[in-house]
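Engineer: Whatever this is, show me its structure:
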Amino acid sequence: MALQAKEIPNPQLVKDSPKRLKTVALRAYARQKEPSLEDQRITSLLPMVRKIVQQVVTYLRPPLSFEDLVSAGTVGLVKAARDYDPLRQAEFKTYAYIRIKGAVLDELRGWSFVPANLNKQIQNALDLSRKITEQTGSAPTDEELAQKLGITVDKLYQTFENARAQHFVSIDGFADNTPVLGDILASVNTTAPDKQIEKTELINKLTEAIQQLPERKRQIVLLYYQQHLTMKQIAEVFNITEPRVSQLHASALFNLSVKLRQWKDGR
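Structural biologist: Residues are numbered from 1 along each chain as shown. From the prediction side, this is the model:
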């Protein structure tokens, strides 16, 4: 039985006009030295802020609203324009995308709170999944993991979605010092050789982990992070419900996190 869909604001109904966002951005950026060029950069990418927020709207938890995330993303865009150095960073659009997405995710994490008993459930699932993966060489299926934990598959999906909300599990930011999945798939150029080597190795490990996912989960990861489709759009592609896409997405992130944590631990 599928999880009940969370009540989330419909992005199409949110009253955040481009004119209003432009005013917010320009006021926040009024003191910078090169307003003409930088203002153009900001205003040209304001629609991308809304697109990114629409991507992550599934993560929303009260009291956060769609407007809160749009505001956070707009601040990220303004900071990207302020900090952008064409000699060091990639193309501005790529650089801004990462900064906007990071600002939105930071806002989400700031409001994410999982009670101690749920944290224990997440940790139990993580530990058992890692143990099974180490013993068998492959991640357990959702059904196998649920059976080993003594819970229903629906309960396991709830655990995955709680885990996704926590940065230490979610590939959107599974470690404070590691590039997040969106950054990696964006293939941003890095000038420092040591960072490039580290990033190349991470990409190789991540590619291997994604290839080992079941086909549908693999496709959902690529559509969400590489093609930037929303959960709703992915649901339409596969002709399944949006809550089901959210379940499979959370499960895929959990499996990828287990694989990458094993790599980080040298196992």
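Engineer: helices and strands of this protein: which one has the lowest mean pLDDT?
Structural biologist: Lowest by mean pLDDT, DSSP states H and E among the helices and strands of the chain is helix 181-186, with a mean of 51.
Engineer: can you tell me the helix or strand for Arg216?
Structural biologist: helix 215-225 (DSSP states H and E).
Engineer: check contacts around Arg218.
Structural biologist: Ile210, Gln211, Ala252 (C-beta atoms under 8 Å, 6 or more residues apart in numbering). Any C-beta I mention is one placed from the backbone N, CA and C, and that applies to glycine too.
Engineer: Out of those, which sit inside helices?
Structural biologist: Counting by DSSP state H, the contacts of Arg218 place Ile210, Gln211, Ala252 in helices.
Engineer: Could you check how far the last one is from Leu64?
Structural biologist: It stands for Ala252. 23 Å (C-beta to C-beta, to the nearest Å).
Engineer: neighbour-wise, which of those two wins?
Structural biologist: Neighbours were counted for Ala252 and for Leu64 using other C-beta atoms under 10 Å; Ala252 has more, 24 against 18.
Engineer: and the helix or strand where Ala81 lies, what other elements does it pack with?
Structural biologist: For Ala81, the element it lies in under DSSP H and E is helix 66-83. Contacts defined by 3 or more C-beta pairs under 8 Å, 6 or more residues apart in numbering; DSSP states H and E place helix 66-83 against helix 18-28, helix 35-56, helix 92-111.
Engineer: which one of those helices is the most hemmed in?
Structural biologist: helix 92-111 (a mean of 20; mean count of other C-beta atoms under 10 Å).
Engineer: Show me where the stretch 51-200 of the chain dips below the pLDDT cut-off.
Structural biologist: 58-62, 112-114, 165-199 (pLDDT under 70).
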